[in-house]
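Student: Sequence first, predicted coordinates after that:
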Amino acid sequence: MPNTLALGSRRHGALIDFDPDTPPVSVTLMRTKAGISLTIPWESDSSPYASWFTKGFQIDGPEQRDPPHRLLFSDSHGRVELVGCWARGYHLTVGGPGSGTVWASYAVLGADGDADFSTVHGVRSSIPGLRAWVGSESVTESTHAEFAEHKRFAVTASREPNIEIGGSPKLTLVPGWNITRTEDGRTIKDRLYAETRSEAPKSWEELLRPHDALADLLTLSQWRDEQPRPEYAMQFGDPLRTLDGRTHGEQWRQVVRAWHRRIPKPPTRREHLIEYADLGPRGLEKWLNLRQEFSRAYDPIIFSRRLTRVNADTLLAQAAPGLEALGYLLLIRDRATPSAAASSILRTRLERILRDIRGVIPFDGDKWVAGTVDTYNGLKHANRTLPDHIDILNRWRESVFAVRLWTAVELGTPLDELAERARRDDQSHPWEEVRRSAPEPPPPAL
């Protein structure tokens, strides 16, 4: 069995907490839908491990403290470094045995503990749809007919040059491929990784921020939820070593993040409002800055796409603060004073957004402004008539579409092409309520 941590894994091994005063202990490492967990048993409440879980509980024993931020698990298949650890959940018999569970944010496979992966110098992640959007191909294939009944099929994998984006931390798109071998054959996957690196060690969250921003752009472009999946991490204290002890440059360790929502692949070809050819590397760097500068506007809008099983009221209530923030920030950009921008009404803010997209919006922009103001105020104020759910849903659709169009215009998408893509976009068409006719009453009993 290789050193992996697939969903549903359960491994038994030893714990290394980098404290010479704690005794050896056998633990269980698991990965479930709830996350990555390590279950630690103890024989009595005098165990130092019990002190990780019983804070606030009157118990005899060592001084109570939090578990270390990183732990190392080891079994016959290899080592796994757990980082971002915290204690949650335990049970015990007073004065007797017990067990507690430590949860981790990330698992670094193969790390030997000499390097502290609590901070890292590089992270690589995959984003569904990124490779196809960029148009990167590292794997090509060809078929040659030599005889009528024989053919020769060739697959060639070659690394294309990296695409340097920039930003801080610096973002790079790294083409590549990987091969999975089974008894039945080989599977070759064309890959394009988002990579950020820094000379100084940084937190995982800081290095992954540009990855999140890149996924957010794809979400806005096609209005389909995209989220990055960290797959590899690099720490300068963990170089590639050979058996003779010599180092040979960087080593990228495989990574498992505790949470990752699986998103089904789209049933049809992805249609984008913003194409990579419109932007190039410089346009993507501009997006990274825009995403940070207008985060108060984008956060609510993008999060509304990730909501599931909620009603129309919730969608509009979630997205509306993003609209207000975008209008406010644009007024500030126009040199309005902060007090004047802050006191501007919703209609003024929406009209400011409309000014930039009037030439490409595929529906009546003035009706969108008026309808959104009336619908949102009706939703927000109890002394007004509550709008119909289908009207609320359509105002959310139009408002999200307006922010998507504004982003495309801001990033320099050619207006004539953008107007054509907007007409084809699913959000250009209103939703209609389908009312089911009442079933016929049963015949009277005889």
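Tutor: The structure has been received and is ready for your questions.
Student: For the spatially closest residue to residue 28 that is not a sequence neighbour, give the beta-bridge partners.
Tutor: Once flanking residues are discounted, residue 28 sits nearest to residue 39: 4.5 Å by Cβ to Cβ, 6 or more residues apart in numbering. In short, each C-beta sits where N, CA and C put it, glycine included. The bridge-partner assignment for residue 39, based on DSSP bridges, gives residue 28, residue 101.
Student: I'd like the distance between residue 39 and residue 404.
Tutor: Going from residue 39 to residue 404 by Cβ to Cβ, to the nearest Å gives 45 Å.
Student: I figured residue 104 hits residue 85, correct?
Tutor: Yes. Residue 104 is within contact range of residue 85, at 5.0 Å (criterion: Cβ atoms under 8 Å).
Student: re earlier: of residue 39 and residue 404, give the one with the bigger neighbour count.
Tutor: The neighbour comparison of residue 39 against residue 404 (other Cβ atoms under 10 Å) goes to residue 404, with 22 against 16.
Student: sec struct for the more buried one, please.
Tutor: What DSSP: H, G, I helix; E, B strand; the rest coil gives for residue 404 is helix.
Student: and if you look at residue 363?
Tutor: coil.
Student: Next, the contact list for the residue nearest to the spatial centre of the chain, please.
Tutor: Geometric centre of the chain, nearest residue: residue 227, 2.9 Å, by Cα atoms, centre = their mean. Taking Cβ atoms under 8 Å, 6 or more residues apart in numbering, we find residue 227 in contact with 127, 212, 215, 260-261, 263.
Student: For stretch 181-189, measure first residue to last.
Tutor: In stretch 181-189, first residue to last residue: 12 Å (Cα to Cα, to the nearest Å).
Student: which parts of it are buried?
Tutor: By 16 or more other Cβ atoms under 10 Å, stretch 181-189 has no buried positions at all.
Student: mean confidence score for it?
Tutor: The average pLDDT within stretch 181-189 is 80.
Student: Ok, stretch 8-17 next?
Tutor: Per-residue pLDDT over stretch 8-17 has a mean of 96.
Student: next one: it to chain centre, how far?
Tutor: Centroid separation for stretch 8-17 versus its chain: 27 Å, with Cα atoms, centre = their mean, to the nearest Å.
Student: ok, residues contacting that stretch?
Tutor: Residues outside stretch 8-17 that contact it (Cβ under 8 Å, 6+ apart): 5, 24-32, 38, 40, 67-68, 71-77, 113.
Student: give me that answer again for 7 Å
Tutor: Identification of contacts with stretch 8-17 by Cβ atoms under 7 Å, 6 or more residues apart in numbering yields 24-32, 40, 68, 71-75, 113.
Student: What is the least confident helix or strand in this structure?
Tutor: The least trusted helix or strand in the chain, going by mean pLDDT, DSSP states H and E, turns out to be strand 139-147, with a mean of 67.
Student: Now do the contacts for the residue nearest to residue 28.
Tutor: By Cβ under 7 Å, 6+ apart, residue 39 lies in contact with 27-28, 99, 101.
Student: 8 Å instead?
Tutor: Residues near residue 39 by Cβ under 8 Å, 6+ apart: 27-28, 30, 99-101.
Student: CA atoms only for stretch 355-365 - export them in PDB, please.
Tutor: Taking C-alpha atoms only, stretch 355-365 is exported to PDB below (Å, rounded to 0.1, in the frame of the first residue of the first chain):
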ATOM      1  CA  ARG A 355     -23.000  53.200 -16.700                       C
ATOM      2  CA  ASP A 356     -20.100  50.900 -17.400                       C
ATOM      3  CA  ILE A 357     -22.100  48.000 -18.900                       C
ATOM      4  CA  ARG A 358     -24.900  49.700 -20.700                       C
ATOM      5  CA  GLY A 359     -23.500  48.800 -24.100                       C
ATOM      6  CA  VAL A 360     -23.200  45.100 -23.400                       C
ATOM      7  CA  ILE A 361     -26.100  44.200 -21.000                       C
ATOM      8  CA  PRO A 362     -28.600  42.000 -23.000                       C
ATOM      9  CA  PHE A 363     -31.700  43.300 -21.200                       C
ATOM     10  CA  ASP A 364     -33.100  46.700 -20.200                       C
ATOM     11  CA  GLY A 365     -30.700  48.100 -17.700                       C
END
